[in-house]
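Peer 1: got a sequence here, can you build the structure:
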Amino acid sequence: MSSSCHQLEEIKTLISSNSKSNKSFGYSSLLYFQEHSNSNPSSVQALAQSYRCLIGSIVADISDDDEEIAAQALKCLGFMIYHPSLVATILVDDAGLVFQSLTKLIMATKVKSVCNLGVWCISIQQLDASLLAAHFHSLLQAVVHALDNPIGSLSTTFEAIQAVMKLATQLSEKMRELSHIWAPSIYRRLLSIDKKERDMSERCLLKIKSIIFPPTLALSKALVEDMKQKLLSGMKDLINQGMKVQTIQAWGWFIRFLGSHVMKKKRHLINDMLKILEFTFPDHNPQVQIASLVAWEGLIDNLIHLPILPCETNTVMESDINKVRTPKENVHGIQENGFSKSIKLIMTPLVGIISSKCDVSVRSSCLNTWCYLLHKLDTSVNCPSVMKLVLDPILEAVFQIGPDSKNIWSWNLCLELLADFILAKCKVVDCDANGQVIHQLSTTPSMLGPLISSKYSWKQYPIKWLPWDFSQLDFFLNIINIIIRYVSVAEVSSEDRNLACDAAIRIFRTVLKGVQMEFRSMSIEYKDIMLCLNSILRFIKNICENIYLEGSGSNDMNHASLWFVEVVTEELEPSILGSPLHKVALDLKYVENLCSSNDIRLAKVLGISEIAFMDMVLPVVYLSIVYICVLVKSILHTPKMEFFLQRSHKYFKFILSSYDPLEVLHFSICLLYKDIKYRHLQIWIAISKGLNDWIDSVKDLSLLNMESDSTSYHVICHLLAYPFVICSCLSQNSTMIRSSSEESLVPSQRKLELEHVTEVWKPLYGSVSISKLECSIRNSFPEEMCSILNGCLDDYTSMLRCSYEVDSSYKELDLNLLSLSGEVVICVLEHTTTSDVNSGSLKCKSDGGYRISSGYRTSSGISNILGFAARFMKLSWMKIRAEPLLGLMISRVFSALARFTSCLDLQPDILSFMEILSCPLLQWLSLVEQIQDQPTEDQLQLLWAETLNALLRSQPPIIFNSSFFKLQACLLEKTLDHPNSSISEPTINFWNSTYSKQIVLEYPQNLLHVLNKLSRNGRINLRTRSQLFPKRCHSAIQDISPPHRYKVTATHNRSSKRIELTTEEASNCSNPRRKKSELTEHQKEVRRAQQGRERDCSGHGPGIRTYTSVDFSQEMRIHRRVRTLGILKPSWRC
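Peer 2: Sure, this is the predicted structure:
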């Protein structure tokens, strides 16, 4: 410390001397001492103690005529007023002395170095602002003098600019008030030819722009005068010299200095300035365009000066979130003050650049300027009119270009910005006491995933999005529609198309989440719900209908269309989409354009109600029909249909499990029946698999049994019948199909497709059967379904009878129908056998219980099932000789039918079996000896054997009388003497166990030759009438009477003979007593039946009635059964 003080004493002595050399040496020593004091606290302390002695000498010497001494003194002074420890000890008077001396020196000196050092002292001083304020005007005057640079030194200008920045930092308010004094000296240099001078001025303005902007009125007026005098012409000159970028940069500052108040009054000047950028915006040089965009932000600052719009905050808290609404009430006021015109002016070059084929850097700069505009708009950006002017054109331009390599940054920025706007619906928005939004930054993760970077312009300029409502829904849907239009362009690469599709789906899903939030609001009105629903459904309709009109049938677009429908059903709750209060008009073009040729048939024959254009349907039904329409189009355009079917069957499972399955199934099936095409079987597969999955998951079809008229019952039946309707209709219209491009499948493809149909049909039928689907009418589910299938096969059979020739290229349709029918026959028979027969009986629910008659179970009614099997046997009999490959299927059907027959034990079921299957059985038994198919022959033999066994075990027993004999006559004629012993032997055994024991029997004409042959060979027994009478027991007569003689005479009835006793035999029976004693009980019944005899055999004399009262009862049951079996048509009778 003592050493430092001793050194300072010596220095004081030197600088106080009159010798210039001593002074110079003294200041050199002082500078050296000051430099080393930074590392020596004792030296600083010594300086602080001696500063009053030193400051006087230093201030006096800064004006010395010797440049060296003055310069050294200024350097020492700079240290004294810069170092914090020394500054703290400076008194007010000393500070005043320093400022006065510096001001006088700068204004008076002609020496450049001295002037520079004087200004430098002002720029580095750390004196208190209060000390500066007292001498502010004089200091500013000195600085402005230096800025004007009378010496012409660039270094002086630099120091003066540094001094301005220092004063602006310390005395910002005063500097702002007097900015019109010092700022012109800076902004004029922006047009300097010297780059260093321009750069210095721009750096200064960048640092102090928060102080001078918005500019004061005095500063703006000063600039107006400068613009008129030289600046405007100076800009034009620089442009002509090729200095466009420099000129545009200056233009940006000038437009900011003009201010909003001058912009309104000096329109001519503004128009002259705008002409400059009008010239530079379309320039081919990217640097010029970028500079123009940056300068354009200055115009935004002046034009976008809005009062902050208060946000509407609901007083009702929903999910602990204050619901902030768009400030709609301010929109009209904004438009009235010319705000919309200002926005249009700002947006014109931005839209032009973003829509042009410009450089990537230019596009990036354009979006940066656009984001700056959104930031400046504050909450006004949420107004629908502002959104239309600001958001729509840029987003549309970017999304129309797509996510190609040059536009990917812009694409991602716009997606992320749009996502942030949509997600504002789910944010907590804070407002201050005045209702102003004070926090609006998103903390929600990006819905676009890791693909999108967060380093975008709008992150630098936070945008005050407010939670949106239904008024903005059309805006979002329009933006998504723009993306979809880009996807539908055929030239787009697959990668870009996938990116765009994914982005559109994610945006749409997020929008629907916001919509669902709005639906949950208790304050929402019904009309708003319907307007929103109609907007969403109209959007879905347009996407799915217009994609093909615009020339794209790509897999990606098909996939996206289905995805849009799925998103709606997933995000909107069933209370909205499934409510009967929200029905919408079915306005789809596909439904309107459908051919109606099948409507009458469907309505009258199949019972399918017509689906009509503009029907009122549930929203979920509307979406399901749209989904099917897309699938119809996808089949035509999509080679990889399997992928679509996999996701579509999951969709239908979701729909059926979440909504009213009956409503969805009903309209879906109506639509399929309205447009009968073979390729629609793929859609049927998707629906059926979805239904099957749902049934298996719930194990209960109570949701389908709510209608008293069993609508659900018929819906399932018609769904299962659809493949048969397809095959039968297409077989009848093969000529029409041949001219239709949609039926382009080769036979092998059709076969594979029908195999797939069979794979789906069987488990669906099984699931429905296991689920115990009940019906309020008497028929069981298999009966109802087979009734519909029988109608299809009848139509097909009628076609075969009417056509002499079938197109050979469509013969596989016949085979497909037969194959499908065979599989279904097997499936139905097996399920009926396992579920009903093996459980103990074939049952029929009636009057709340099971009917019991005479101690026996009652039949369930299997006529339609048997009729379906009979029709298959008939058709296969017609085709087997031409198509031997059907043998395997036929043998499987015979096997299933044999197992089914083996379980029959009720008389009504067995009688139905004989009535319905007699004719096709006879046909096959007649044909079996001609076909060379051992499995088929074996299974037919088994079926015949089981048929005979069923007749024998019937409960109650069947009485094999003349009436039943007539029913079996044709079959017995063929089988009793069949060349195949496996058929004839069981039949002969059956005869000997049944008809051979009958005493009174009327023999049909066609059986006489067979019976005669077999009886003569001793293979069958014929019970004669003589066996009615026992041998006489007279002791006197030991001879055995000769056999009774009888004669058989033909009657007018070709199918019967009259059996009469001869005259002799009749006379032997004339004794009434003997006759009475010898009659058996059965003979007594015959005798009672003969009382009151009537003419028999068409009136040809007296005869013996050939049936008893017991015969009458069975025959009446048979005939009643025939009349009630409506399924047996005349064409099936032998």
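Peer 1: list the residues that contact residue 38.
Peer 2: Going by C-beta atoms under 8 Å, 6 or more residues apart in numbering, residue 38 touches residue 44. (Each C-beta comes from the backbone N, C-alpha and C, glycine too.)
Peer 1: hmm, 10 Å instead?
Peer 2: 44, 79, 83 (C-beta atoms under 10 Å, 6 or more residues apart in numbering).
Peer 1: just give the nearest non-adjacent residue to the last one, would you?
Peer 2: This means residue 83. residue 44 (7.1 Å; C-beta to C-beta, 6 or more residues apart in numbering).
Peer 1: next one: the helix or strand containing the one you found to chain centre, how far?
Peer 2: Counting by DSSP states H and E, the element that carries residue 44 is helix 41-61. Chain-centre distance of helix 41-61: 83 Å, with C-alpha atoms, centre = their mean, to the nearest Å.
Peer 1: state the next helix or strand along the chain beyond that helix.
Peer 2: Next along from helix 41-61, by DSSP H and E: helix 67-80.
Peer 1: pull out the buried residues from that next one.
Peer 2: 69-80 (16 or more other C-beta atoms under 10 Å).
Peer 1: avg pLDDT for that helix?
Peer 2: Average pLDDT, helix 67-80: 94.
Peer 1: stretch 297-311 now?
Peer 2: For stretch 297-311, the mean pLDDT works out to 73.
Peer 1: same question for stretch 243-259.
Peer 2: Here stretch 243-259 scores 95 as its mean pLDDT.
Peer 1: am I right that residue 652 falls within a helix?
Peer 2: Yes: assessed by DSSP: H, G, I helix; E, B strand; the rest coil, residue 652 belongs to a helix.
Peer 1: which residues does it contact?
Peer 2: Counting by C-beta under 10 Å, 6+ apart, the residues that residue 652 touches are 624, 627-628, 661, 664-665, 668, 683, 686-694.
Peer 1: again with residue 692
Peer 2: Counting by C-beta under 10 Å, 6+ apart, residue 692 has contacts 649, 652-653, 760-768.
Peer 1: so it is in which element?
Peer 2: Residue 692 belongs to helix 681-698 when assigned by DSSP H and E.
Peer 1: show me what counts as buried in that helix.
Peer 2: Neighbour-count burial for helix 681-698 [16+ other C-beta under 10 Å]: 681-695.
Peer 1: distance between the helix or strand following that helix and the chain's centre?
Peer 2: Next in sequence after helix 681-698, counting helices and strands by DSSP H and E, comes helix 711-732. Mean-position distance between helix 711-732 and its chain equals 28 Å (C-alpha atoms, centre = their mean).
Peer 1: repeat that for stretch 620-633.
Peer 2: 11 Å.
Peer 1: next: stretch 251-267.
Peer 2: 52 Å.
Peer 1: could you export that stretch as CSV, CA atoms only?
Peer 2: What follows is stretch 251-267, C-alpha atoms only, in CSV (Å, rounded to 0.1, in the frame of the first residue of the first chain):
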residue,chain,number,x,y,z
TRP,A,251,-36.3,0.1,-46.6
GLY,A,252,-37.3,-2.2,-43.7
TRP,A,253,-35.9,0.3,-41.1
PHE,A,254,-37.5,3.3,-42.8
ILE,A,255,-40.9,1.7,-42.9
ARG,A,256,-40.6,1.1,-39.1
PHE,A,257,-39.5,4.7,-38.5
LEU,A,258,-42.6,6.0,-40.3
GLY,A,259,-44.9,4.5,-37.7
SER,A,260,-48.6,3.6,-37.9
HIS,A,261,-49.8,7.2,-37.4
VAL,A,262,-47.9,8.5,-40.4
MET,A,263,-48.8,5.4,-42.5
LYS,A,264,-52.4,6.5,-42.4
LYS,A,265,-51.7,10.1,-43.4
LYS,A,266,-48.9,9.8,-45.9
ARG,A,267,-50.4,7.3,-48.3
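Peer 1: quick check: buried residues in that stretch?
Peer 2: Across stretch 251-267, burial judged by 16+ other C-beta under 10 Å covers 251-259, 261-263, 266.
Peer 1: quick one: the residues you listed as JSON lines, columns for secondary structure too.
Peer 2: Below are the buried residues of stretch 251-267 laid out as JSON lines (three-state DSSP):
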{"residue": "251", "secondary structure": "helix"}
{"residue": "252", "secondary structure": "helix"}
{"residue": "253", "secondary structure": "helix"}
{"residue": "254", "secondary structure": "helix"}
{"residue": "255", "secondary structure": "helix"}
{"residue": "256", "secondary structure": "helix"}
{"residue": "257", "secondary structure": "helix"}
{"residue": "258", "secondary structure": "helix"}
{"residue": "259", "secondary structure": "helix"}
{"residue": "261", "secondary structure": "helix"}
{"residue": "262", "secondary structure": "helix"}
{"residue": "263", "secondary structure": "helix"}
{"residue": "266", "secondary structure": "coil"}
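Peer 1: shaky segments in the stretch 51-200 of the chain?
Peer 2: Scanning the stretch 51-200 of the chain for pLDDT under 70 picks out no residues.
Peer 1: which stretches of it form helices?
Peer 2: 67-80, 84-87, 92-108, 112-124, 129-133, 136-148, 154-170, 172-177, 179-187, 195-212 (DSSP state H, counting those that start in this stretch).
Peer 1: against which helices or strands is the shortest one packed?
Peer 2: In other words, helix 84-87. helix 20-37, helix 41-61, helix 67-80 (3 or more C-beta pairs under 10 Å, 6 or more residues apart in numbering; DSSP states H and E).
Peer 1: list the helices and strands the first one packs on?
Peer 2: Same thing as helix 20-37. If you count contacts as 3+ C-beta pairs under 10 Å, 6+ apart, helix 20-37 packs onto helix 2-16, helix 41-61, helix 67-80, helix 84-87.
Peer 1: the second one - contacts with which helices or strands?
Peer 2: So the one you mean is helix 41-61. Counting contacts by 3+ C-beta pairs under 10 Å, 6+ apart, helix 41-61 is packed against helix 2-16, helix 20-37, helix 67-80, helix 84-87, helix 92-108.
Peer 1: how about the first one?
Peer 2: The criterion is 3+ C-beta pairs under 10 Å, 6+ apart, and the helices and strands that helix 2-16 contacts are helix 20-37, helix 41-61, helix 67-80.
Peer 1: as TSV, the ones you listed with distance to residue 299 would be great.
Peer 2: Below are the helices and strands packed on helix 2-16 laid out as TSV (distance: least, C-beta to C-beta, whole Å):
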stretch	distance to residue 299
helix 20-37	50
helix 41-61	49
helix 67-80	42
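Peer 1: can you list the weak-confidence ranges in the stretch 951-1100 of the chain?
Peer 2: Residue ranges of the stretch 951-1100 of the chain with pLDDT under 70: 1024-1100.
Peer 1: 90 - rerun?
Peer 2: 959, 961-968, 977, 979-981, 995-1007, 1011, 1013, 1015-1100 (pLDDT under 90).
Peer 1: return the per-residue confidence for residue 589.
Peer 2: pLDDT recorded at residue 589 is 88.
Peer 1: sounds good, over and out.
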